[in-house]
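Chemist: only geometry, no sequence info:
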Ligand SMILES: [Fe+2]
Ligand SMILES: [Fe+2]
C-alpha cells in the first residue's frame, strides 16, 4: 500500500487516546512518586508511551523500581530506551525486566495496538538541517554518524512493516530542531538528528513522540507538517502540569480494529 493511505481494511471511525512521557530517570530510591501519573494515564488513555531514559543509570534495580511504579497500568505500554538506559552496559537486562512486565520495548520494532501502528527506536544525535554532521574525517566522526544513520534506517524499516493508515513514531532523540529549542545551542547535535525526520515524512506518520531534551520545547512539526511532541518529564512539569506531567494525544482510527497477535492489549474497560 502507499504509505499513509488506507489499504481498504479500514472504514467507519473511532479514536484512541495516547498518553506519553519520557525521561522518568527512575532511580534506586524511587518509591511510588510516579504511580499517580501512571494511574492517571491508565484512567484517561488507551495506550501509554514511555520515550526513553526510563532509568537514571541503566541499573537493573532501577528498572525493577520502574516496574513497581507501573503497577497501576493495565493499558498497553510501549517504550523505547534512552541514552541513560545504556550507561551501565546493562541495556539488555533493563529491556528484559521491562519486557517481562509486559512493556513492549521497541528497538527497530513495530507493533499494532487498537488499529494504530507504533514504530520505535532510540534514535541518536547528529544535529539538524544544514548543520547535520557528515561522515567525514576521523573514524570516530564516521562512527558517530553511522550510529545516527543506523537508527534512522531501523525506524524506516519498522514503519515500512506497519500496514495500517495511522502510524506513530516513538523515539528518545528528537527528529527536529524545533522541539530542542530552549536547550543550549552548543549541545543541539547531541539532542537529535534530522536523519530521523526523513522516515517520518516518507511514511506520513500521524505523530512522533520523543524526550531527551529536558529544556526543549513541547511541540513542533516536521518539514511535511507532522506533529512532533517532546514529552520529557521535566518539560511537561514546566509547561503542562507539575502534578500531572502527562501528554495526551488523540489519534483517529478509521475503524475499530482487532489487535495483532504481536500486540497483546486491551481497552481499559475490557475485563482485566
Ligand atoms: Fe533524560
Ligand atoms: Fe536522554
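Modeler: Good, I have the coordinates. This is a predicted model, so every value here is computed, not measured. Ligands and ions are numbered 1, 2, ... in the order given.
Chemist: Identify the bridge partners of residue 16.
Modeler: Judged by DSSP bridges, the bridge partners of residue 16 are residue 251.
Chemist: Go ahead and confirm it touches residue 112.
Modeler: No: counting by C-beta atoms under 8 Å, residue 16 does not reach residue 112; the two are 11.2 Å apart. C-betas here are computed from N, CA, C, even on glycine.
Chemist: what sits in contact with each of these two?
Modeler: Common contacts of residue 16 and residue 112 (C-beta atoms under 8 Å, 6 or more residues apart in numbering): none found.
Chemist: and stretch 210-217, how far out from the chain's middle?
Modeler: Distance of stretch 210-217 from the chain centroid (C-alpha atoms, centre = their mean, to the nearest Å) equals 12 Å.
Chemist: mind checking the SS state of residue 245?
Modeler: Here residue 245 is coil, with the state taken from DSSP: H, G, I helix; E, B strand; the rest coil.
Chemist: mind starting the numbering at 52 from now?
Modeler: In the new count, where the first residue is 52, that last one comes out as residue 296.
Chemist: what residues are up against it?
Modeler: By C-beta under 8 Å, 6+ apart, residue 296 lies in contact with 72, 88, 284, 287, 288.
Chemist: part of a helix, is the second one?
Modeler: Yes: applying three-state DSSP, one finds residue 88 inside a helix.
Chemist: Name all residues that make contact with it.
Modeler: Applying C-beta under 8 Å, 6+ apart to residue 88 gives the contacts 72, 295, 296, 297.
Chemist: what residues does the stretch 52-201 of the chain put near ligand 2?
Modeler: The stretch 52-201 of the chain comes close to ligand 2 at residues 104, 133, 134, as judged by C-beta under 5 Å from the ion.
Chemist: Now do the helices in the stretch 52-201 of the chain.
Modeler: 86-95, 111-120, 142-151, 190-211 (DSSP state H, counting those that start in this stretch).
Chemist: Quick one: work out the angle between the third one and helix 111-120.
Modeler: Here helix 142-151 runs at 20 degrees with respect to helix 111-120, directions being taken by axes from the mean of the first three to the mean of the last three C-alpha atoms, to 10 degrees.
Chemist: Low-confidence ranges, this protein, go.
Modeler: Residues of the chain meeting the criterion pLDDT under 70: 52-63, 306-323.
Chemist: And the strands in it?
Modeler: Along the chain, the stretches classed as strands by DSSP state E are 65-72, 98-102, 128-131, 154-156, 160-164, 167-171, 218-221, 258-261, 270-272, 278-281, 298-304.
Chemist: CSV for the ones you listed, including distance to residue 212 and mean neighbour count?
Modeler: Output for the strands of the chain, formatted as CSV (distance: least, C-beta to C-beta, whole Å; neighbours: other C-beta atoms under 10 Å):
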stretch, distance to residue 212, mean neighbour count
strand 65-72, 19, 21
strand 98-102, 18, 29
strand 128-131, 15, 27
strand 154-156, 14, 22
strand 160-164, 4, 22
strand 167-171, 8, 27
strand 218-221, 10, 28
strand 258-261, 17, 28
strand 270-272, 25, 16
strand 278-281, 21, 24
strand 298-304, 18, 17
